[in-house]
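In: Sequence first, then the predicted structure:
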Amino acid sequence: MKTRILIADDHPFIRAGIRSEFVRHDDFEVVAEAETTNKVLEYVGKLPVDVVLLDINMPGVKSIEVVKTIRKNYPQVKTIILTVHSDKGMVLSMLKAGADGYALKDENPNNVLEAVRAVMNGKNWISPTVASYLIGQIGGKSASISDNLLSDRESTVVRLICDGMTTRQIAEQIKMSERTVETHITNIYAKLGVNSRQKVVCWAKENGVA
């Protein structure tokens, strides 16, 4: 039986490149392509999908929420993050949300095929580029949750948010532009899977960051 693939990326050229890798193999079938995360959830709900290849930065609901929804409502469907982001915090947050694999677009295309075959056999698959870091964590190297998930600058921003500072006050405190602080906050929201400062504060208290 062929493994049925849903390719989710908002760039048509990238979708075409991914599709071309799978059509050359008889054990795969691309059943749909999605340019938004909303379409991903729509297709997973009505089409026979085995594996979703999901980009992180797409229009619609956040990709981390898509991962959580698929894990909860369609546990038989495997999700592999396919992205250019090798940031350790992003990797850990997606795996924590329920992703079965994490592959990078700039690696050997065969890695994606290997990842799909691995998750269909009940295994997790991680890009070799980021695997060494994760192996270190599994091996017991000590690090706090905030160290694993957030960069040093993002951790600082979280603490200042918990102190009740506005974006402008944070910018003045860490000597950065307000736009840069807003970018940090957006990345923090994505990594933590939240959508408000209040939820950031709750997360910080639960994990001993505040």
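Out: Received it, and whenever you're ready, just let me know what you need.
In: Please settle this for me: is Ile64 part of a strand?
Out: No. Ile64 sits outside any strand when classified using DSSP: H, G, I helix; E, B strand; the rest coil, being helix.
In: Can you name the residues that contact it?
Out: By CB atoms under 8 Å, 6 or more residues apart in numbering, the contact set of Ile64 is Ser93, Met94, Ala97, Ala190, Gly193. Placement of C-beta: from N, CA and C, glycine included.
In: Redo the residues you listed as CSV? Include neighbour count and secondary structure.
Out: Below are the contacts of Ile64 laid out as CSV (neighbours: other CB atoms under 10 Å; DSSP: H, G, I helix; E, B strand; the rest coil):
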residue, neighbour count, secondary structure
Ser93, 21, helix
Met94, 26, helix
Ala97, 20, helix
Ala190, 21, helix
Gly193, 18, coil
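In: Tell me which two in these are the farthest apart.
Out: Ala97 and Ala190 (10.8 Å; CB to CB).
In: quick revisit: sort the contacts of Ile64 by pLDDT and name the bottom one.
Out: Minimum pLDDT for the contacts of Ile64 is recorded at Gly193 (71).
In: My guess is that one contacts Met90. True?
Out: No. Using CB atoms under 8 Å as the test, Gly193 is too far from Met90 to be in contact (11.4 Å).
In: What count of nearby residues applies to Tyr189?
Out: Tyr189 has 17 neighbours, counted by other CB atoms under 10 Å.
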